[in-house]
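**Q** here is the input, now give the coordinates:
(4 chains)
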Number of protein chains: 2
Amino acid sequence: MKNRNVGHGRKDGTLKQRAIETAAGMFVDAGYNGISMREISESLGVSKAALYYHFKDKQDLMVAILESYLERMESLFESDISQGRNCREQITRLVTLIFAQPPQQRAVMRLASQEMGNLDPEIREEFGRTYHRKFIRRIKSILQTGVSRGEIKLMDTASATWVLLGMMYPFFYPGSANSERDATRLVDQILTIFFDGADSRARRQDPGA
Amino acid sequence: MKNRNVGHGRKDGTLKQRAIETAAGMFVDAGYNGISMREISESLGVSKAALYYHFKDKQDLMVAILESYLERMESLFESDISQGRNCREQITRLVTLIFAQPPQQRAVMRLASQEMGNLDPEIREEFGRTYHRKFIRRIKSILQTGVSRGEIKLMDTASATWVLLGMMYPFFYPGSANSERDATRLVDQILTIFFDGADSRARRQDPGA
DNA sequence: CCTACCGATCGGTAGG
DNA sequence: CCTACCGATCGGTAGG
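**A** Coordinates of the predicted model:
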């Protein structure tokens, strides 16, 4: 279980990592149920049994993909974002970084919410908790601090977090904002709406400019 | 195709309609691939063959569910919403009506975007066009009018439409805003953020109140 | 010859 | 890590 060194000087962990990346791409394109373990193994040039050596079952592979992505998301918080000077700047950094990822990588976020229903209830709940702890909680915390500092309107920060994530969600689909130029514009529009609103009577990002 | 009165005084079309409603509920709970035609037919108390009499295949049943929902959405536009006096009021009516639906019915919207990848490319594209024509286009049009009237900031209304829909999306999952009280608060928060922004320096819905 | 179904089973493929 | 398979179940269709 501990996945110990098999020795022999071979490159261990290589197939496992390749499998996570390859399968992620295939699941993103065709959905969890749209891709079979056979197809994944063929893409990797190994047998199905080889896959089952590294992953207990299909679900286990899926969870590994999601956890791998979550870890990358977590690292975003620990580097750039926390250095933002206030709530707005921290959220701006977060959204910018998310859209700075390659589209296919962003799509894993959609994969997570879309296919979580295919996981066993226990696994789903455990992953849900990890997701909350490593991602949702951080965003909520930024908004909460913003509220207590008076930077953000007094509101329910839990649902506001979901609203913010929801605003990005449609653009996690392939074909949305693939160019860097589109992404930049989109990030700008999302942040403007979230902080300043769409109403023309609301303040603009650069007042008087 | 017209499927009309066959006479004899029997209740025609009953099973077909029941199947659409029952399957919609099951798909919402377990996903398109999580429910078999056998399970659906058993829930209806009929044979699988009976289902296949009314629907060419599983996909055909799915499309019928989505189209049935789209028609209901379309009717929203033709009654209440268009009577809104300006952009903000029309969008407010739209969002309010969407959240006034029972949660399980709202969830069909999530089902549509979530499981569209399981449809054949041709079918998917055709449904995508209908979805755009009956729903997306209408929202975009409201925003567009708002922009040209100066009620809404100058922005890309296509992506703004997706942003607005995205804000609602997380609450189309079961367990989100099930009570009427939650729904009311949520609608309020979504509309406030969309029009006025979360920033405390932005205008409030009732200035000075 | 129509409609609205049923009991039984098909060929093919899934995860393991 | 592979070859060789399995038990179960899938969506779909036969004749009547």
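**Q** which stretches of chain A form helices?
**A** A:14-30, A:37-44, A:48-54, A:58-78, A:87-100, A:103-115, A:121-131, A:137-148, A:157-168, A:180-196 (DSSP state H).
**Q** now do the first one: everything it contacts.
**A** Helix A:14-30 is contacted by residues A:34-35, A:39-40, A:43-44, A:46, A:50-51, A:54-55, A:61-62, A:64-65, A:68-69, A:104, A:107-108, A:110-111, A:115, A:174, B:117 when judged by CB atoms under 8 Å, 6 or more residues apart in numbering or on different chains. For the C-beta atoms, the positions are set from N, CA and C on the backbone; glycine is no exception.
**Q** for the helices of chain A, which one ends up most surrounded?
**A** Mean neighbour count, computed with mean count of other CB atoms under 10 Å in any protein chain shown, is highest for helix A:157-168 among the helices of chain A, reaching a mean of 22.
**Q** tell me the mean pLDDT over that helix?
**A** For helix A:157-168, mean pLDDT is 98.
**Q** of the helices of chain A, which is nearest B:Asp199?
**A** Of all the helices of chain A, it is helix A:180-196 that lies closest to B:Asp199, at 4.3 Å by CB to CB.
**Q** what does the closest one contact?
**A** A:88, A:91-92, A:95-96, A:99-100, A:163-164, A:167-168, A:171, A:177, A:202-205, B:153, B:155-156, B:159-160, B:163, B:193-194, B:197-199, B:202.
**Q** how far out from the middle of the chain is it?
**A** 18 Å (CA atoms, centre = their mean, to the nearest Å).
**Q** and the angle for that helix with helix A:103-115?
**A** Helix A:180-196 and helix A:103-115 meet at an angle of 50 degrees, taking axes from the mean of the first three to the mean of the last three CA atoms, to 10 degrees as the criterion.
**Q** CA atoms only: put helix A:180-196 into PDB for me.
**A** C-alpha atoms of helix A:180-196 as PDB (Å, rounded to 0.1, in the frame of the first residue of the first chain):
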ATOM      1  CA  GLU A 180      -4.400  34.800 -23.800                       C
ATOM      2  CA  ARG A 181      -6.000  38.000 -25.000                       C
ATOM      3  CA  ASP A 182      -9.500  36.600 -24.400                       C
ATOM      4  CA  ALA A 183      -8.500  35.400 -21.000                       C
ATOM      5  CA  THR A 184      -7.200  38.800 -20.000                       C
ATOM      6  CA  ARG A 185     -10.400  40.500 -21.000                       C
ATOM      7  CA  LEU A 186     -12.400  37.900 -19.300                       C
ATOM      8  CA  VAL A 187     -10.500  38.200 -16.000                       C
ATOM      9  CA  ASP A 188     -11.100  42.000 -16.200                       C
ATOM     10  CA  GLN A 189     -14.800  41.600 -16.800                       C
ATOM     11  CA  ILE A 190     -15.300  39.000 -14.100                       C
ATOM     12  CA  LEU A 191     -13.500  41.100 -11.500                       C
ATOM     13  CA  THR A 192     -15.300  44.300 -12.500                       C
ATOM     14  CA  ILE A 193     -18.600  42.700 -12.200                       C
ATOM     15  CA  PHE A 194     -17.800  41.000  -8.900                       C
ATOM     16  CA  PHE A 195     -16.400  44.100  -7.200                       C
ATOM     17  CA  ASP A 196     -18.100  47.000  -9.000                       C
END
